[in-house]
Every structure is written in C-alpha cells, then in structure tokens.
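>>> got a structure for you, letters missing:
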C-alpha cells in the first residue's frame, strides 16, 4: 500500500460507515450500494459526486471486515462503533496507521498522555526523509493531513484538545469487540489505539 494524502479530503464519517456496514452485512454488492446511493440518496448528501465518494471510501474502509464484524459495527454502542470506524480507516491508510503505531502508541507506552503539534511535525519530517511521495507534498497538504489526524482521534474519543496540546484518552474496549478484532486479525490496529503489545 502506497502512502496517500487522500485522508485530507475525507471526514470520519461515523454514521455513514456504520450504515454502509449494515448494507454490506446483508451481502449487498458495491455496485448495488452505489445504485442505492445515487437513486435513494441513502447518505443524504447534496451532490452525486459526494454520493459516489461516500460509497467508494466507506466500501474501501470496510472491505476487509468479516460479516460478523460488519453486523457488530451496525448494531454496537457509539464508543465501540467509533473505535471500529477508526480501525477501518487505519486499515485503509498505512501512513495514519504508522502515526498511531509510532507516535500515539509510543506515548501511551512511555506514560506520556499528551500529543503536541510538534509530535506530528517530527513524524512527518521523518517520513519525508524516508519517502519521496511525502517529501513532495506541499505544506498545505501536510497541514490538512495533520489536522485530519487530530480531528479523527477527537471524533473517535481518543484525544481531547487542551490549549495547544491534545490529551490522550484510553478507550474502553468491549470484550465482544476485542474478540472480533482478534478473529479478524486486526489486533495490530487495536494495539496502536490502546498501547498494548
């Protein structure tokens, strides 16, 4: 999977991803989902472009989820649902996963529950030194990607803004969610969120 800045133009889309999971759990194909999106406006958006984008992004995020995990996402409580949506994003975006694993998880392991803007700056500077793709990104692109990382983590309930820094909030993991994550071989993504090994 190549590094991409696609995340800068997408939202967290909790409700939309949850609704998509419900359709996919009923064995609806991507083509049928697109048809529903365009003809019945299931995502309640104001343009065909956005209707298409939501199908493409939500489907891509969830394509590796088992039917059990899709059913769980469509019916679980908000806390578990938001964590699963975040995990779906991490499975789709290698750079965001690396940030979570190398920065977020490391902070938890070290007992440092504060993320600063400088942590993001250092992470992206290191990645730019390792990757020509990221090295070529404009400052505006980097700014949007960093902003979305923070926004996603706030929406998932894992960060809380405090002045110029962000406090890490350790999540409660429902036993059924943990069980399904292990069954679906998604443990590294959960560990990046909880700080576990």
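Everything's here; your move. Only a predicted model underlies this, so the values are computations on that prediction, with no experimental measurement involved.
>>> Longest helix of this structure, counting residues only.
Counting by DSSP state H, the longest helix found in the chain is helix 139-155.
>>> How about that helix, which residues are buried there?
By neighbour count with 16 or more other Cβ atoms under 10 Å, helix 139-155 contains the buried residues 142, 144-146, 148-149, 152-153, 155. For the C-beta atoms, the positions are set from N, CA and C on the backbone; glycine is no exception.
>>> how near is the residue located most distally from the centre of the chain to residue 13?
Residue farthest from the centre of the chain, counting by Cα atoms, centre = their mean, is residue 39 at 27.5 Å. Relative to residue 13, residue 39 is positioned 20 Å away (Cβ to Cβ, to the nearest Å).
>>> Where does pLDDT dip in this protein?
Residues of the chain meeting the criterion pLDDT under 70: 1.
>>> what helix or strand is the most centrally placed residue in the chain on?
Nearest to the geometric centre of the chain sits residue 89, at 2.8 Å (Cα atoms, centre = their mean). Residue 89 is part of helix 78-92, with elements assigned from DSSP states H and E.
>>> which secondary structure elements does that helix contact?
The contact analysis (3 or more Cβ pairs under 8 Å, 6 or more residues apart in numbering; DSSP states H and E) places helix 78-92 against helix 14-25, helix 48-62, helix 67-75, helix 94-99, helix 139-155, helix 175-183, helix 187-194.
>>> Make a markdown table from these and add distance to residue 113 to it.
What follows is the helices and strands packed on helix 78-92, written out as a markdown table (distance: least, Cβ to Cβ, whole Å):
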| stretch | distance to residue 113 |
| --- | --- |
| helix 14-25 | 24 |
| helix 48-62 | 27 |
| helix 67-75 | 27 |
| helix 94-99 | 16 |
| helix 139-155 | 13 |
| helix 175-183 | 22 |
| helix 187-194 | 13 |
